[in-house]
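**Q** Generate coordinates for the sequence data below:
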Amino acid sequence: MNGHHLVSFEEQNSAYSRLRPHPMVPWTGSSGGAMTSRTRRPSAKTPISTLRGKVLAEVERRRGEILGISEDLYRHPELSGREERSCQVLAALLRRQGFRVRVGLAGLPTAFHATIGEGKDRPRVAFLAEYDALPGMGHGCGHNLIAAASIGASLALLPILDRSGGGIEVIGTPAEETIGGKVPLVEAGCFDGLDAAMMIHPAGENRVYTTSLAAATYRIEYQGRAAHAVVHPEKGINALDALIDLYRMAPTLVQEIGDGGHLPGVIREGGERANVVPDRAVGEFSLRARSLQGLTRLEEKFFTAAREIAAARGCRLSIGKMGHTYREMRTNGRMAEKFKENLRFFGVTTEDKPRTRMGSLDMGNVSQKIPSIHPFIAICEPGLASHTAEFGRATISERGQEGLLLATRALALTAVDLLTDPSLVGEIRVEFERSRPGASPR
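**A** Residues are numbered from 1 along each chain as shown. Down below sits the predicted model:
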């Protein structure tokens, strides 16, 4: 398996359990909001073409280093909550480059926050790095490439920060595949005071305007009463029947709420022996909708159905939430357009038709807090499924390496646009405020 250790489903569940108990800790981030009068600008304005040239030259100079980050993470995959080596390697690299790095945020020991150009200088732009792997397939979602692109972009900007003004932050966001590590980071204030956040995701297409579903996962447990399934079935209460009733009802609940809803589920436990009426049944259900409002409606219907089934079957019911609620992604159009322009600079076209199929992203929670983009960069053919070992191998293929360098360049150049153009930052902020749910049109 290319010399790297593939982790099992049991190991992933163990790692997931380790994450949940960590308490939330307070965070004091950089202060402020959008561009202010305290924004510093260089006394002698350097042409943006010169700054762009320096950034692209730095990407080329660091080409081997950037590709090496992705390769190293690929060869050493770590599960959500166990990304100790990945976190330490990335944090140490940034420290060597002059970043001030703090490891351990919001109760997540493998999260990190790296800053350079601190102070009152604005704007502040963040690159987000993911680095957790999947059980049994390593980096089958390409998080090795995500981390390499974000860190590569931050390093490419170092030669121009003294001329562009502003500051750069890299936020290491673990556990995307399980609890959604960005959610507690948002809640702890780790994104306060930032003007923009960016990351990319490898895919089978180039896409700038990203959408995603709001999502929440629940554990359902029915408890009945055991009895001999043949001799005295009437003396038992079948918990598995109750869970199967709920499983079968899921499509109807989705149809009732519309809003692009989905309600996939699995049965984790359904009894021990065929000749014993199951007295315990456990399932997990992932509730999804296009908006938080739609998700809330689906949750209400789901809980009501679960309770009614419990009453009808004579079972006891317990419902537990797993992880955090993912918000829908709000791509900032103005920032996305700049990223798209930078892709066009390299002759790359994008797919702009609305997606008919999409998953859920904890980046959605970040995008509800500050202006954000989450573009997709092609590293393979469109038909190759993610969350597979084949997709992981694509991240270190020749095409995957080309996609990584393209992503690094586009991220870095978009940051140059933000760092050098106060009016652009202002436009991005105005769009963000106007697109908030419930905001009054102007």
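**Q** Next one: residue 406 from residue 158, what distance?
**A** 20 Å (CB to CB, to the nearest Å). Bear in mind the C-beta positions are built from the backbone N, C-alpha and C, glycine included.
**Q** got it, and residue 68?
**A** Note on residue 68: its distance to residue 158, by CB to CB, is 17 Å.
**Q** where does the stretch 201-350 of the chain dip in pLDDT?
**A** Residue ranges of the stretch 201-350 of the chain with pLDDT under 70: none are present.
**Q** and residue 372, what are its phi and psi?
**A** Main-chain torsions, residue 372, degrees, to the nearest 10: phi -150, psi 150.
**Q** meant to ask about residue 348
**A** According to degrees, to the nearest 10, residue 348 has phi -100, psi 130.
**Q** Not counting residues beside it along the chain, what's closest to it?
**A** Of all residues not flanking residue 348 in the chain, residue 206 sits nearest, at 5.8 Å (CB to CB, 6 or more residues apart in numbering).
**Q** now the one you found: how far from residue 379?
**A** Residue 206 is 10 Å from residue 379, by CB to CB.
**Q** Who has more neighbours out of those two?
**A** residue 379 (27 against 20; other CB atoms under 10 Å).
**Q** contacting residues around the more buried one?
**A** Contacts here follow CB atoms under 8 Å, 6 or more residues apart in numbering; on that basis residue 379 touches 142, 145, 202-204, 394-395, 397, 399-400, 402-404.
**Q** and the residues you listed, which of them are in strands?
**A** When the contacts of residue 379 are checked against strands (DSSP state E), the matches are 202-203.
**Q** now for the contacts of residue 379, which pair is the farthest apart?
**A** Maximum pairwise distance in the contacts of residue 379, criterion CB to CB, is 15.0 Å, between 204 and 404.
**Q** before we move on, back to that, which one's more surrounded, residue 68 and residue 158?
**A** Between residue 68 and residue 158, residue 158 has the larger neighbour count (other CB under 10 Å), namely 18 against 13.
**Q** Of residue 204 and residue 404, which one has the most company?
**A** residue 404 (29 against 18).
**Q** check contacts around the more buried one.
**A** 66-67, 70, 145, 148-149, 152, 377, 379, 395.
**Q** and which of those is nearest residue 236?
**A** Nearest member of the contacts of residue 404 to residue 236, counting by CB to CB, is residue 395, at 51.0 Å.
**Q** coming back round to it: out of the contacts of residue 379, which are inside helices?
**A** Counting by DSSP state H, the part of the contacts of residue 379 found in helices is 145, 394, 399-400, 402-404.
**Q** List just the nearest of those residues to residue 182.
**A** residue 145 (17.7 Å).
**Q** pretty sure the closest one contacts residue 69?
**A** No: contact between residue 145 and residue 69 fails when scored by CB atoms under 8 Å: they sit 9.1 Å apart.
**Q** And the two? Which one has more around it.
**A** Legend: neighbour count by other CB under 10 Å for residue 145 and residue 69, higher for residue 145 (32 against 26).
**Q** And the more buried one, how close does it get to residue 45?
**A** 35 Å.
**Q** just residue 93 next, same as before
**A** As judged by CB to CB, residue 93 and residue 45 stand 32 Å apart.
**Q** again with residue 288
**A** 48 Å.
**Q** And those two? Which one has more around it.
**A** Between residue 288 and residue 45, counted using other CB under 10 Å, the more crowded position is residue 288 (25 against 10).
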